[in-house]
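In: any chance you can model this:
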Amino acid sequence: MKIGPTYNVPFRRKREQKTDYNKRLKFLKSGEKRFITRLSNSIVRAQIVDYKIDGDQSLVFITSKKLKDFGWKHSLKNTSAIYLTGLLAGVLAKEKGIKKVIFDTGVRNYKAHSRIYASLKGIVDAGIEAPHDPKAFPSDDRIQGKHVEENLKNDISKDFLEVKEKILSKK
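Out: The predicted structure follows:
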């Protein structure tokens, strides 16, 4: 005999606020590959994921640590590094024949001009088609690090352009 109210326990990832299942379902119904960028306290992770019935398959995975191989010697989590990580992910995606993606920000909602949209601008600049609003991108001065250059007295914008050229010449 059943006593008390009926209660449905939500999925674990929903309880932990890690997955928005309604948003994920919309992405999966589109049939497009997802471009995912996640920011941590020390690095940035960017990946392109395709849905498979037995689990998502990561087609391209890159972290901002890889920028050191191209000569980047500044922070791995600032706006410039996020853009370059997205650009590198876009170049690697083009090598694998990926032409179109959808930007997946996960559970969080980001404001326009925030640094996560720098990675979207990077992948778009690499030549990957992604639905976007150019108004959401950070300014070019911010992406090149000119706002940091004024305060810290370093050549981040010069290094940014050098690393960007090295990444684009990788094509």
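In: mind listing the helices for this structure?
Out: 12-15, 21-30, 79-95, 116-125, 140-144, 146-152, 156-169 (DSSP state H).
In: in JSON lines: those helices, plus mean pLDDT.
Out: Shown next, in JSON lines, are the helices of the chain (pLDDT from 0 to 100):
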{"stretch": "helix 12-15", "mean pLDDT": "91"}
{"stretch": "helix 21-30", "mean pLDDT": "88"}
{"stretch": "helix 79-95", "mean pLDDT": "97"}
{"stretch": "helix 116-125", "mean pLDDT": "96"}
{"stretch": "helix 140-144", "mean pLDDT": "94"}
{"stretch": "helix 146-152", "mean pLDDT": "79"}
{"stretch": "helix 156-169", "mean pLDDT": "93"}
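In: quick one, what contacts the residue nearest the centre of the chain?
Out: A centroid search over the chain (C-alpha atoms, centre = their mean) returns T37, at 2.5 Å, as the residue closest to the centre. T37 sits next to 44-46, 82, 85-86, 103, 105, 116, 119-120 when contact means C-beta atoms under 8 Å, 6 or more residues apart in numbering. For the C-beta atoms, the positions are set from N, CA and C on the backbone; glycine is no exception.
In: how about TSV for the helices of the chain, with mean neighbour count and distance to I53 added?
Out: TSV is the format used below for the helices of the chain (neighbours: other C-beta atoms under 10 Å; distance: least, C-beta to C-beta, whole Å):
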stretch	mean neighbour count	distance to I53
helix 12-15	12	18
helix 21-30	12	11
helix 79-95	26	22
helix 116-125	25	26
helix 140-144	17	38
helix 146-152	14	45
helix 156-169	17	34
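In: make JSON lines out of those and add distance to D133.
Out: Formatted as JSON lines, the helices of the chain follow (distance: least, C-beta to C-beta, whole Å):
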{"stretch": "helix 12-15", "distance to D133": "28"}
{"stretch": "helix 21-30", "distance to D133": "17"}
{"stretch": "helix 79-95", "distance to D133": "16"}
{"stretch": "helix 116-125", "distance to D133": "9"}
{"stretch": "helix 140-144", "distance to D133": "16"}
{"stretch": "helix 146-152", "distance to D133": "22"}
{"stretch": "helix 156-169", "distance to D133": "23"}
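In: tell me which of those lies nearest to K52.
Out: helix 21-30 (10.6 Å; C-beta to C-beta).
In: touching that closest one from outside, list them.
Out: Residues contacting helix 21-30 (C-beta under 8 Å, 6+ apart): 11, 14, 34, 51, 102, 104, 107.
In: out of the residues you listed, which are buried?
Out: 34, 51, 102, 104 (16 or more other C-beta atoms under 10 Å).
In: mind listing what the closest residue to the third one other than its chain neighbours touches?
Out: Put plainly, it is I102. The shortest distance from I102 to any non-neighbouring residue, by C-beta to C-beta, 6 or more residues apart in numbering, is to E32 (4.7 Å). Contacts were defined as C-beta under 8 Å, 6+ apart; by that measure E32 touches 100-102.
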